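J.: pasted the sequence and its predicted model underneath.
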Amino acid sequence: MGSSVTRFAAGLLAVTGAALLAADGPALAQSSVKIGYALSRTGPNAGGAAVTTLPNYEMWVKEVNAAGGLKLGDKRVPIEVVQYDDRSSAEEAARSLERLITQDKVDFILPPWGTGLNLAVGPILNKAGYPHLASTAVTDRAPELAKRWPNSFWLLGTSAGAANTLVDLLVKLRTEGKIGDTVAMVSVADGFGIDLSGAARPALAKANFKLAYDKTYPVGTQDLSPIVNEVKALNPDVFIAFSYPPDTLGITEQARIASFNPKIFYTGVGTAFPLFKQKFGANAQGVMGIGGWSGDSAPIKDYLARHKAASANGAEPDRWASAVTYASLQMLQQAIERVGKIDREAVIKDLQTGTFDTIIGKVKFENNLPTKYWWVGQWQDGEFYGVGPATNEGARTPVVPKPAWKAP
Amino acid sequence: MTNAIFTGLMLGGMYALIAMGLTLQYGVARIMNLSYGEFLVAAAFASYWLFTGWALNPLLGLALVIPAGFGVSLLLYRVLLTPLVRRARTRGALEVDSILATFGMMFIVQGIMLSMFGGAYFSYSFLAIPVSLFGEILALNRLIAFGLAVAVGLALYLALTRTRLGTSIRAVAVDPMAAQLVAIDVLRTSAFAFALGGALVAAAGVLISMFLTFSASSGVIFTMKALIVVVMGGVGNLLGCLVAGLALGLSESLVATFVDPGLTLAVNFALFLGVLLVKPAGLFGRAQR
């Protein structure tokens, strides 16, 4: 009799013990926060990912871990990274993310680089309920996607936004009598060029600009001098190139050689790269391009210094999506820490409704989109300052007309 | 018009320059080198490194990079490709094997460049100064690359047609079996031709780095372009390379100037297809019997 009571008590103890252990289990396992990402380390996207995305991911993880980790409740938990190469392919990116979710069981996922890949992984992150802070995607479908996938946030805005801001700036400069109304526009025959020229064309027509030249060229064109020479002969006030990095550098180089110096010289992706300044030095002065940042603000200056110190060869960030990417990580961190545990649904909710203190200023999403963007930047004395929209805090007055090219 | 012709010629010269090494490697040594573009980019990186790190003029850098290209290619042929050559029963088998082997090589070279330089774009300015020629403004660095392409092409053409070594190289290109009958060491000649191709691609890489933006993953573009030029000009024919390259460059620039820059690729491929329809072995190629 007595023995059965003790046995029962022992059994009870064992069961409660097991239950206690089980309750302890996940808390013990939370010795790290697993963060996964698949980036283009090889393939055509590698050039962009290596400048804009990877250094920021690495720097953020290093900084958070140096501070002891993410603050969950009252303790700090270090970040553990799982990463793959998506080889610049949408299928590979999708496969890597599936793997991160089902096999590696990561707690959070950082997005890939570029519009195409972010669109490709959107449905996967949505289905699995992971927050998706797309900081390097420019797409006109951003508002629609944000609605369809409430877990996704589109921090870089729409191509219509980029084109319209540029045209608004041109209108303003024309009213001030600084430029005339002939515009020459070239664009790369690929996603970015098609979207932006498609948005700029009607906007320019509506603002009564004369489009003297409007042509496209294929991706990977190795000699752009025929275009530059022809445009030069037309002598436009404004030159717009919606170009990719190699073309941006090629067009600018060719314009300098042919001394084609319109009052406004605007080039596309790559203008905001540190490489641009490195290559053209003083000749970058006055060149406008897509992107820009508040180069005078203290947090940005501090970020620039930290970025230089953190990267192996003292590389600088680009002056467009880099700061936005870093800011998106700050937002994710603040949301996780406010929630205080790994609860992705609550983190998404916090991202949707909260206000975040970041290097690009205070950010609050409206319908999962930020309310402020930098769309037009200009190289002024070695820094690529945001000049448009002119209403943004910290917007510089554009230098117009662009000063003449100097001999290198 | 003159401007379009000049830019076309210079672009064409660059295409020919890119392709000359491949025509030797493919035409003579029968190695369809898929890592060709990677070697070109590697030479561009070498030049970038010498220029930014050691302030060495890329044109002087050629003196270092070309022998290095020759040496590395020779080593590659001896170590990696000779076993394939010995094993292959027919030329076709060697081509298939070499495609597979160099496809792997492509990833290795790319991986080395990625780990050394990272994936970002690279570009530097050298001799990017305008020169006036017949009233047209051209970039000096492109002009130099064009001049060297023509000079190298003609020099090699003469060497191949006028010297004993050149004749044996051509003999191997035409028929490696018969070449053995006249006491030509086929394996050695092939190795030499492959290494010479490596030296040429190194030279092309250095010259191109003066005006093109490149990254560790941009090699495949150059392999493709070189392949088109080589096939169009006739495999193994240097003069064919030069002519095909110039034809592509001229058509591209004329179309960009007078029709639409968006059609350059279309015209390139139309020209390529047209040539192959009329002369399946390429402009200067002889049909295989």
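T.: Received, thanks.

J.: so, low pLDDT: which residues of the stretch 51-200 of chain B?
T.: Across the stretch 51-200 of chain B, nothing is flagged by pLDDT under 70.

J.: sketch out the helices for it, chain order is fine.
T.: B:58-76, B:82-87, B:91-117, B:140-162, B:164-174, B:176-181, B:186-209 (DSSP state H, counting those that start in this stretch).

J.: try chain A
T.: A:2-29, A:46-48, A:54-66, A:90-102, A:115-128, A:142-148, A:159-175, A:191-206, A:225-234, A:245-257, A:274-280, A:298-310, A:321-339, A:344-353 (DSSP state H).

J.: just name the most buried of the ones you listed.
T.: Each of the helices of chain A was scored by mean neighbour count; the highest is helix A:46-48, a mean of 27, by mean count of other CB atoms under 10 Å in any protein chain shown. No exception for glycine: its C-beta is placed from N, CA and C like everyone else's.

J.: for that helix, packing partners?
T.: With contacts defined as 3 or more CB pairs under 8 Å, 6 or more residues apart in numbering or on different chains; DSSP states H and E, helix A:46-48 has no helix or strand neighbours.

J.: hmm, back to that, out of the helices of the stretch 51-200 of chain B, which is the most enclosed?
T.: It is helix B:186-209: most buried of those by mean count of other CB under 10 Å, with a mean of 25.

J.: list phi and psi for residue A:382.
T.: When read as degrees, to the nearest 10, the backbone of residue A:382 gives phi 80, psi 10.

J.: brain fart, residue B:211
T.: Note on residue B:211: backbone dihedrals following degrees, to the nearest 10 are phi -140, psi -10.

J.: that one: neighbouring residues, count only.
T.: 27 (other CB atoms under 10 Å in any protein chain shown).

J.: ditto for residue A:272
T.: 30.

J.: residue A:153 now?
T.: 27.

J.: beta partners of it?
T.: residue A:133 (DSSP bridges).

J.: that one and residue A:130 touch, don't they?
T.: No. Between residue A:153 and residue A:130 there is no contact under CB atoms under 8 Å: 11.8 Å.

J.: what residues are shared contacts of these two?
T.: In terms of CB atoms under 8 Å, 6 or more residues apart in numbering or on different chains, residue A:153 and residue A:130 are not both contacted by any residue.

J.: which residues touch residue B:256?
T.: Per CB under 8 Å, 6+ apart, neighbours of residue B:256: A:217, A:226-227, B:4, B:264.

J.: mind doing that once more with 7 Å?
T.: A:226-227, B:264 (CB atoms under 7 Å, 6 or more residues apart in numbering or on different chains).

J.: name the element it belongs to?
T.: Using DSSP states H and E, residue B:256 maps to helix B:238-258.

J.: shaky segments in the stretch 101-250 of chain A?
T.: Ranges of the stretch 101-250 of chain A meeting pLDDT under 70: none found.

J.: give me that answer again for 80
T.: A:191 (pLDDT under 80).

J.: show me what from it comes close to chain B.
T.: Within the stretch 101-250 of chain A, the positions near chain B by CB under 7 Å from any CB of the partner chain are A:189, A:215-218, A:220-223, A:225-227, A:229-230, A:245-246, A:249-250.
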